[in-house]
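J.: Kindly generate the corresponding structure for this input.
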Amino acid sequence: FAIIHPKKANAIKGKWSEVLINIVGKLLNFTKDDVHYGVYFSEPVNPEKEGIPNYRRIITNPMDLSTCLHRVYLDYYQSFSQFWYELGLVFKNCRRFNRDPYCEIRILCDTLREIAIHLYKLWHKI
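T.: Numbering: from 1, shown residues only. Below is the predicted model of the structure:
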């Protein structure tokens, strides 16, 4: 996961960036029945390594949890809505590429997506 300089970590404390880091961190670390769901979405998809050469043709705007986290650290997001949109792309892309709702990665995606929706609702109440 992302490494952050201690000075930057202190600068983030108490700001909205800290909330976003916690959200992504919860998704990255979500575990159920000894399965670490976040691991499957923690890095960009590598089509060559994964043996899915048509991935870039189907998914034109790839996104993963680590990229979201790095962007928070780099102050890339100018608004909460921009963050939530890109976080949603992680799941939207997975669902688009893996259309079979019973394939393993799609089940992992849908479960983690439900966790993200729950976290969004908790965030929205704040």
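
J.: Which elements pack onto the lengthiest helix in the chain?
T.: Counting residues, the longest helix in the chain under DSSP state H turns out to be helix 104-125. In terms of contacts (3 or more CB pairs under 8 Å, 6 or more residues apart in numbering; DSSP states H and E), helix 104-125 is packed against helix 16-28, helix 80-97. Where C-beta positions appear, they are placed from N, C-alpha and C, glycine not excepted.

J.: Quick check: what element follows the first one along the chain?
T.: Right, helix 16-28. Going down the chain from helix 16-28, the next helix or strand is strand 31-32, by DSSP states H and E.

J.: Relative to that following strand, what are the paired strands and their orientations?
T.: strand 35-36 (antiparallel) (DSSP bridges).

J.: How far off centre is the longest helix of the chain?
T.: Remark: helix 104-125 is offset 10 Å from the chain centroid, using CA atoms, centre = their mean, to the nearest Å.

J.: Relative to I59, which of the helices and strands packed on helix 104-125 is closest?
T.: helix 80-97 (4.8 Å; CB to CB).

J.: re the thing from before, list the buried residues for the longest helix of the chain?
T.: 106, 108-109, 112-113, 115-116, 119, 123 (16 or more other CB atoms under 10 Å).

J.: and the helices and strands packed on helix 104-125, which one is worst for confidence?
T.: Per-stretch mean pLDDT for the helices and strands packed on helix 104-125 is lowest at helix 16-28 (a mean of 90).

J.: which helices and strands does it pack with?
T.: Taking 3+ CB pairs under 8 Å, 6+ apart as the contact cut, helix 16-28 packs with helix 65-73, helix 80-97, helix 104-125.
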